[in-house]
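> Mind folding the following:
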Amino acid sequence: MTIAPLILLVRRSLGRLTYFAGMVFFSSLMVVQSLSGAKVAEPIDRLIDAGGYRLHFQIIPGGGIPILFESGGGDDATVWKDMLKPVAAVTGSTVIAYDRPGFGKSETDSLQHGILNDVKGLEIGLAKLGYSGEIMIVAHSLGGFYATLYAARHPQLVRTVVLLDANLVCFFTDELLRKGQPSEAELARLKEQSIGQYYLALNVRSDIEALRKTEFPPAIPVVDIVADRTLFDGTPDADRWKACHSQFVAASSARRSITAYGSGHYVFISSRQMVTSAIVSSYADIVDDAARVGVLTRAVRYSVEALSEQKREEAQYRHSESDLNEWGYALLKSNEKEKALTVFKLNADLYPQSANVYDSLGDCYESIGDRDRAVVEYKRALKVDPKKRHSVERLKAISPPIDR
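Coordinates of the predicted model:
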């Protein structure tokens, strides 16, 4: 997508890959089903009035301290679809995912927006659902900002946090903010395409200014998992991203760092078993002795049963559609457009039944200025999936109305 780098980052750069069309991981469900005695309730969908607008929550009821999943910018609760059941099965806890305002099934408040208002709405929603007490947070990408603010507002209630290649405010310099300032035209386009993306871009500077004044409580235990392959590979920002995370971990003895070797930004997909183990380990540290025994027993069983699935999955992921897609966008961001085009073409050859591969190929052609080919690829995406929202939006933006 041809938008400012900072907006691209805030919408988690590879955000349009949220659904990883055609990519389905079965191993977690297989392991959950094989965990003897681990009964997981079916997810419950709730729309909760958060003060003038409704937030959509997905909840798997359980016991103990609930675990809240904070997604990246532009993602909604569906991004966690392969994580929630395994975590619920092993921990026995209630797990909660939700759509932030303007995304998924959640509504927006046009009068009050920005990260502080979003967190206040989350607090209202959790209270109405009966989860206003102690909580654990798992946060990916932009979700790191939300975890920071929520923890700062509730330092006695947030028991532990797992960060997954998450945004930390030390990365966002004045220069980056200046370079990424969206133009009026970019804001207008985002407003037409996605109201959620529009408010993220509109408020990015004020949100980061607020976060610069917000300290992540040093007493809260944190496991900070950082992707080996950052969003910025091949640029100085890659080292700065990792340095920022090192600085964050060094600031408190309650924090520890894990590098997800071989993984891209979506570490909970490419390194799911490792991430699940980190979440379970952190959870075991905050429950009482009796509950800990059950959690760790199930964790051992999960690790053993997941090992062979992990090996199979790793082999598949090396050349999976999502991995190639992620690689293509990383090359595109590094301005290696011809290499990116080669990767996207290969992905389309390997996965011709996926709308997303043509959609991404269209993005690549659009980025190199070949709008005619971009239109062709977006139309190919719509032949596979007529409801492919991004392709519809891009065709409206770069070509006359189409007859489908």
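
> Can you report how many residues lie near A290?
Look at A290: counted by other C-beta atoms under 10 Å, it has 7 neighbours. In this view, the C-beta of every residue, glycine as well, is placed from N, C-alpha and C.

> One more: A41?
Using other C-beta under 10 Å, A41 has 13 other residues around it.

> ranges for the helices of the stretch 251-400 of the chain?
Ranges of helices in the stretch 251-400 of the chain, per DSSP state H, counting those that start in this stretch, are 267-270, 272-284, 289-317, 321-333, 337-350, 355-367, 371-384, 389-398.

> show me the residues around the closest residue in space to V169 that isn't next to it in sequence that make contact.
Closest residue to V169 apart from its sequence neighbours, by C-beta to C-beta, 6 or more residues apart in numbering: L211 at 4.3 Å. Taking C-beta atoms under 8 Å, 6 or more residues apart in numbering, we find L211 in contact with I115, F145, T148, L149, V169.

> Y198 too?
Neighbouring residues of Y198 by C-beta under 8 Å, 6+ apart: G102, L187, L190, K191.

> quick one: low-confidence ranges for the stretch 251-400 of the chain?
Applying pLDDT under 70 to the stretch 251-400 of the chain flags the ranges 303-319, 400.

> and the residue most central in space within the chain, which of the three is it?
Per C-alpha atoms, centre = their mean, the C-alpha nearest to the average position across the chain is that of G72, at 3.3 Å. Secondary structure assignment for G72 (DSSP: H, G, I helix; E, B strand; the rest coil): coil.

> Could you tell me how far it is located from R100?
According to C-beta to C-beta, to the nearest Å, G72 stands 10 Å off from R100.

> And A152, by the same measure?
From A152 to R100 the distance is 18 Å (C-beta to C-beta).

> So for these two, which residue has more residues nearby?
Neighbours per residue, other C-beta under 10 Å: of A152 and R100, the larger number sits with R100, 28 against 17.

> and the strand or helix carrying I137, what other elements does it pack with?
Element membership of I137, judged by DSSP states H and E, is strand 135-140. When contacts are defined as 3 or more C-beta pairs under 8 Å, 6 or more residues apart in numbering; DSSP states H and E, strand 135-140 packs onto strand 63-70, helix 143-153, strand 158-164, helix 272-284.

> CSV please, covering these and showing distance to D323.
Formatted as CSV, the entries for the helices and strands packed on strand 135-140 read as follows, by distance: least, C-beta to C-beta, whole Å:
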stretch, distance to D323
strand 63-70, 22
helix 143-153, 22
strand 158-164, 17
helix 272-284, 13
